[in-house]
Every structure is written in structure tokens, then in C-alpha cells.
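[1] Build me a model:
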Amino acid sequence: MTSAAIVAFGAVSAMGEGSDAVSSGRPGERARVCITRDAELAAAGLARPYAARAALHRPPAAPDDRASALLLVAALACARELDTALPSWRELRVGLALGTSSGGMRTAERFFDAPDSRELAGDATYFAPMLHVVAALGLAFEPATLVLGACAASTLALGVSTRWLEADACDVVLAGGFDAVSVFVASGFEALRATTASIPPRPFRLDRDGMSLGEGAAVLALRSSHLARGARVHITGFGASADGVHLTAPDRSGSGLAAAASAARREAGDPGVDLVSPHGSATPFSDAAESRAIATALRQEPGRVVLHPFKAQVGHTLGASGALELLASADALTRGVYPAAAGDGANDPDAPAMLLDTARAGAPRTALKLSAAFGGANAALVVSLDSRPPRVSPMRAVYVRRPVYVGDVDQPDHEIVELCGEMRLARATGLARLALVAVGELVRRDGPVSLAGVVVGTPFATLDTNAAFHARIRERGARMAEPRRFPYTSPNAASGEVGVAFGLKGPSFAVGCGPSAGLEAVAAAATLVAAGDADAMVVAAVDAVGAASRRAADAIGVDARTGAVALVVTCSPEGAIARVVSSRCGLGASNAGAPPLVGHTALMPLLDDPLPRVLAAGSLDPRGGGWARLDLAPLD
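    Predicted coordinates:
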């Protein structure tokens, strides 16, 4: 790959803003822990009300939504740094890739309680916080994407950004992630018994019992290393994979996470790794699986490399965690520090790890950042003081196969039920159920898809499932949250269930920066296939439209309809119907040039014969998100 230099960043966490937000500590010091008993979570009646809140200093005209405000703080700080590091950046081609787990969830909670509010309806979407950044910076971004990859979201967003730079799709990318603490999310993790009964969390320790939530945002400005003179830290490798085992439980062998980590190291030139920033959720099975993954990826006995489990200090910041933790690793490399690990107690022999009681001075040069998420999604990045030369081999050609369409999935036939798994299909709700049936129809027609990942494109994500989950909390209290429904409030559950059902172990996530999410998913898949991250990607453009998402669609002036289109994006012309000439997505001034199609409807012309040469979609309302365009050429 062409390594990507970090030329500027903005960050906010419970530790502070800027470099304070991601400090790896000073030699001789213990790890600073910012997790406390949280007044809002305690008032909601949660039994384990611990969280790490950021001290939010709202910029002028900041939105009311807390996640949006956190993201705006980080984005504006990054822009200010970039003004100094690269004064001409606003005249260049600038991309925007952000990741989130819950988007504007706090506004969504208010919307569910006041469903007739058009203002709240427009701001309750997952992509609304992203649009505040676009408005505040006053720029049009191309390419652009919102990765709805749960706890791996910002790591995936950073990885996709490196692919854009490598393909010369832009000159600079603003990339990162964001999330805020909410009763909605805290109640769900407590219902799954994933939160700790005492603080701090104790990742890789024998008595660990879970994590605490945190909040924050990080936005990094990335530029191809050979163009970024003087940059000190570089992302030199990216890998992504899926476990394909379970929606919420990790693969106990750690093989999926090891595959992502190994791919990232291979691309980075197989360097020695001095520091690992683990996912470190402090849950019993996840830490043990991660320890095995690290040992496999580094090809050495476990416990031989220093681990820095940053979540034990600033909480699990969900969609922001990968970006914040990578910056903490970059801080350690640039300042020559091996960071201390928070938490006390004996190490778990089933999860061997080198955890330092106090930070040590040293000379680490390379770090490995690992992330894992609901749906079995894994992502890894290598960050280094040493850059990599540009890629020699060209990007691969990309093709699409003919799609399938499904509408009503209330009563799928027996063969589809068998393909998807009867119990899996029965418990899946909304988005996940529709994605399963659509990909099931694809597999029934064409057979299994080998060496594939999956991207789900969804404009309104899981708003209706979220409304039902919230209603239960409102009626019965936060401690009565439904553990079976909570995983399906994550848009990433759709890609996860598809991966488990059909054995898809390549990159796995959802995207959705607006009504053009169906074409956005094709663009994401094409980017990964062209770069060699997968030989094929299954794309499912899905719209599961209920009362909540219909009101959100009405608020931004688009016509949302239930349905799904599934297809395969591949590096092989065999079985393809067209070659992808270009796939473009953007946010900002170019929206007005795209027709107001929503989600899967933009892909339905691919069902026709003859095929269209151009597919396009977007929103005419600036609150409606991005635009996308897919240019196709017939096969010779």
C-alpha cells in the first residue's frame, strides 16, 4: 500500500482534548483512569452505572445532540491543525470517512418520545452528526462514507481512507469516529452482561467482568506519506475480516481477528511489533480470544509484547474507540513510551498479556491496533514511525454480477428459511432479517460466494428496531432492557448475520451516510476488491421501513420503501454483467445533481436488460446526506 501519514488530528475523550485526549502517559506513572459512577446512568436505575464522560466545550452553533457536538469539536480541531500543516488543503480533493456505533442516539431517544417532531426526526438518523461537520467546514467532500461498523467502525473508516489515498481518489482524507454515552446503549450492554460491576475494568486480568462505556471523538487528517514531508507517524497496513461464528460472542480461537491482524502486518512489510493496542473489552471470552489472535498474528508466544488497553482508562468509546486508541499508540511511538495498563490483579493464564504497572521509557517504532465488533467484524491497522513506498501493482479491475430483489419477507419460502437458518431468521428483526433473505435469494440463484466479505448499505439503519427497544426501556425501566433485541439495534448486526449464515469471512460492516447508501455500499465494496482486501464482496442495499424511519424520511424529503437488492462485486469477469468504471460518493454541494432515490431503489435498474450505464442517487435536501454515482461499462 501507499502508507498514509497522520498530518493533523483533533480528539476529545474523558482525558481531555487534543493530545491530552490520547496521552499514553509518562514514564514512571500509572495509567490515568477517567471512569466514574455516572449520575445519568445511576438515575436510570442501572445496576452498573459506570462511564467515562468527556468534558464537552461546545463550539459556537454546536448542535444539541451530544455525539454531534463531540464530533464537531474533534473535526474543527483537526481542521485548525491542518490549516497550519497544509495551508492549501481546502483547495485539494478532500475525502471524509467517519465511523459510529450509535450515531445521534441521544436525539433519537428524544424523537422516539416525541415522534411528531420534524426537527428531531431529521436529526435522529445515524448520519445526522456527519452533516453538522460538512456544514461547519463549508466544504464538499468526495469520496465520503459513514461506516456503521459498531465498535470497529473508526478502524474500518481509517482503513477505507488509506485505500482512497492509494487509488488517488482524493488528496487528503478526514477520517475517524464518534459516539456519546446514552441510557439506551448502556442499558443494552448491561442486559448482555458485558459491563463491569466495579471500576476500573481489568482487561486480561483473572477477575475481569466487563467494560465501562466512554464517549469521545477523533478525526485524523491523512495524506499519502510520500506527499507529507515531515510527518512522523504513518499507517502502513490495514486488514479486515469477520469471524462468521456468532452475532455477539467472539470466535474462541481468535482466528478471525488474527486474519485481520496478519493481513495488516503483511501489507506493512511484516515489521516487528513493539506495542499492541488491543480491543481489550475486558469480557472473559473476548480477551482470551484476542490473546490467541495476537500470538497467531505475531507468530510468537503470547505475552511477549506490551499491550495498552486504553478502554480501561477512557471507557469503551464504541465507534470512536479505534481512532482514539490508534492516536494513543501514535503518541507512545512519538514520545518513546511503553504505556501502563489500568487495572490490578493477577493476569489470566488463559489470556496472556504483558501489562505494565507503570509506563516505561523506550523506543517503540511500530504498533498494531486491533478492533472487534458486534457481528464478528474485525479490523486491524499498523501504525509506524517508518513509512512504506507507494504500491507498485495497479488496482484491480472490478465487476458486478446481476442482482436479486426482495420486497415482502414476512413469509419466506422453506428453501430460504433453510439457507438462512430457521432460528437465525426467526430472531432477526427489521434490517437483519431483510438482509438475510436478500442474500439468501442470491445464494439460492448463484450458489455460495467464496472468499467474500459483506457490506450492507442502509439509509435509515435500525431506527424502527431502536424505537421498539427504547419503548421497552421507557415502559419498564432501563434494567428491563431486552438482551435479545439489543444486538439488532446495531446496523452491523445485518452484515454480521449474513456473514454467519453464509460463511462470509472477509471485511464486514454497514454503511449509510444518507439516502444514497445502496450505491455507497457498492462503492465501499469496489474499493476493497480493487485494493485486494477481498476477491469478492456481497452487497446488500436494504431499506426496512417502519413508522420511525418513514417519519425521518419525510423530514428530509425522500420516499423510503421497504425492500432490498443484493449483488456481488468481484475481481473476476466470470458471471459478471458489467465492469465498474468508477464508483463515487460525496457529501456537500454536489448533492443537487443526483436524483432523490433511496437505498435499494437506486440499484433496481441493474435488474433490467439492457443495463444502464450510470446509476445515481442523492438527496435534494442538505439534511438528507450524501450522493453517489456508479459508472458501468458492458463486458466485451
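[2] now stretch 435-450, how far from the centre of its chain.
    For stretch 435-450, the separation from the chain centroid amounts to 24 Å (computed by CA atoms, centre = their mean, to the nearest Å).
[3] Can you point out the buried residues in that stretch?
    Applying a neighbour-count criterion of 16 or more other CB atoms under 10 Å, one finds 435-443, 449 buried in stretch 435-450. All C-beta spots, glycine's among them, are computed from the backbone N, C-alpha and C.
[4] which two from those residues end up farthest apart in space?
    Greatest spatial distance among those (CB to CB): V437 and V449, at 15.9 Å.
[5] Below-threshold pLDDT in the chain: ranges please.
    The chain contains residues with pLDDT under 70 at 1-2, 247-249, 391-392, 590-593, 620-622.
[6] Show me how it divides into domains.
    Following automatic domain parsing, the chain resolves into domains at 4-101+148-227+236-342+351-384, 399-634.
[7] Looking at those, which is nearest to H132?
    Smallest distance to H132 across the domains of the chain (CB to CB): 4.9 Å, for domain 4-101+148-227+236-342+351-384.
[8] circling back: could the domains of the chain be laid out in TSV, adding distance to L131?
    Compiled in TSV, these are given as follows (distance: least, CB to CB, whole Å):
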stretch	distance to L131
domain 4-101+148-227+236-342+351-384	9
domain 399-634	6
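[9] quick one: which of those domains is nearest A135?
    Using CB to CB, the domains of the chain put domain 399-634 closest to A135, at 7.5 Å.
[10] Now find how far off-centre that closest one is within its chain.
    15 Å.
[11] how long is that domain end to end?
    10 Å (CA to CA, to the nearest Å).
[12] What is the neighbour count of E422?
    10 (other CB atoms under 10 Å).
[13] roughly how far apart are it and A74?
    For E422, the distance to A74 (CB to CB, to the nearest Å) stands at 44 Å.
[14] Repeat that for T100.
    Taking CB to CB, one finds T100 at 12 Å from A74.
[15] again, but for P573
    42 Å.
[16] How about P612?
    39 Å.
[17] who's more crowded, those two?
    A74 (32 against 13).
[18] Now the more buried one: which helix or strand?
    Secondary structure assignment for A74, by DSSP states H and E: helix 66-85.
[19] list the helices and strands the helix or strand following that helix packs on?
    Sequence-wise, the next helix or strand downstream of helix 66-85 (DSSP H and E) is strand 94-100. If you count contacts as 3 or more CB pairs under 8 Å, 6 or more residues apart in numbering; DSSP states H and E, strand 94-100 packs onto helix 128-137, strand 144-147, helix 153-166, strand 172-179.
[20] Check which residues of stretch 575-589 are buried.
    So for stretch 575-589, counting by 16+ other CB under 10 Å, buried means 576-580, 583-588.
[21] Could I get the contacting residues of the spatially most central residue of the chain?
    Most central in the chain under CA atoms, centre = their mean is A153, positioned 1.4 Å from the mean C-alpha point. A153 makes contact with 99-101, 147, 177, 318-319, 322, 373, 492, 509, according to CB atoms under 8 Å, 6 or more residues apart in numbering.
[22] Just want to check the distance between it and S490.
    If you go by CB to CB, the gap between A153 and S490 works out to 10 Å.
[23] what do those two both touch?
    S101.
[24] returning to that earlier point: for the residue nearest to the centre of the chain, which non-adjacent residue is closest in space?
    Nearest non-adjacent residue to A153, counting by CB to CB, 6 or more residues apart in numbering: G99, 2.8 Å away.
[25] try A332
    Among residues not flanking A332 along the chain, S24 sits closest, at 3.9 Å (CB to CB, 6+ apart).
[26] re earlier: out of the contacts of A153, which comes closest to T125?
    Distance to T125, by CB to CB, is smallest for T100 among the contacts of A153, at 10.9 Å.
[27] partner residues bridging that closest one?
    Beta-bridge pairing of T100 under DSSP bridges involves F178.
[28] And the closest residue to A521 other than its chain neighbours, its phi and psi?
    Closest residue in space to A521, ignoring its immediate chain neighbours: G457 at 2.8 Å, by CB to CB, 6+ apart. Backbone torsions of G457, given as degrees, to the nearest 10, read phi -100, psi 120.
[29] count of residues packed around G457?
    Count around G457 with other CB under 10 Å applied: 35.
[30] can you tell me which residues contact it?
    Going by CB under 8 Å, 6+ apart, G457 touches 510-512, 517-522, 524, 539-542, 599-600.
[31] what about E415, how many neighbours?
    Neighbour count for E415, taken as other CB under 10 Å: 11.
[32] Output the helix or strand that contains it in CSV with nothing but the alpha carbons.
    Taking DSSP H and E as the criterion, E415 maps to helix 414-420. Only the C-alpha atoms of helix 414-420 are listed here, as CSV (Å, rounded to 0.1, in the frame of the first residue of the first chain):
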residue,chain,number,x,y,z
HIS,A,414,-38.9,-23.1,3.0
GLU,A,415,-35.7,-23.2,0.9
ILE,A,416,-34.8,-19.6,2.0
VAL,A,417,-35.5,-20.5,5.6
GLU,A,418,-33.2,-23.5,5.3
LEU,A,419,-30.4,-21.4,3.7
CYS,A,420,-30.6,-18.6,6.3
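[33] Show me which residues of it are buried.
    416-417, 419-420.
[34] for stretch 374-387, same thing?
    Buried, per 16+ other CB under 10 Å, within stretch 374-387: 374-385, 387.
[35] what do you get for stretch 168-176?
    Buried, per 16+ other CB under 10 Å, within stretch 168-176: 169-176.
[36] ok, and what's touching that stretch?
    Counting by CB under 8 Å, 6+ apart, stretch 168-176 makes contact with 4, 7, 9, 74-75, 78-79, 82, 86, 89, 92-99, 141-143, 154, 157-158, 160-161, 164-165, 217-223, 227, 320, 323, all of which sit outside it.
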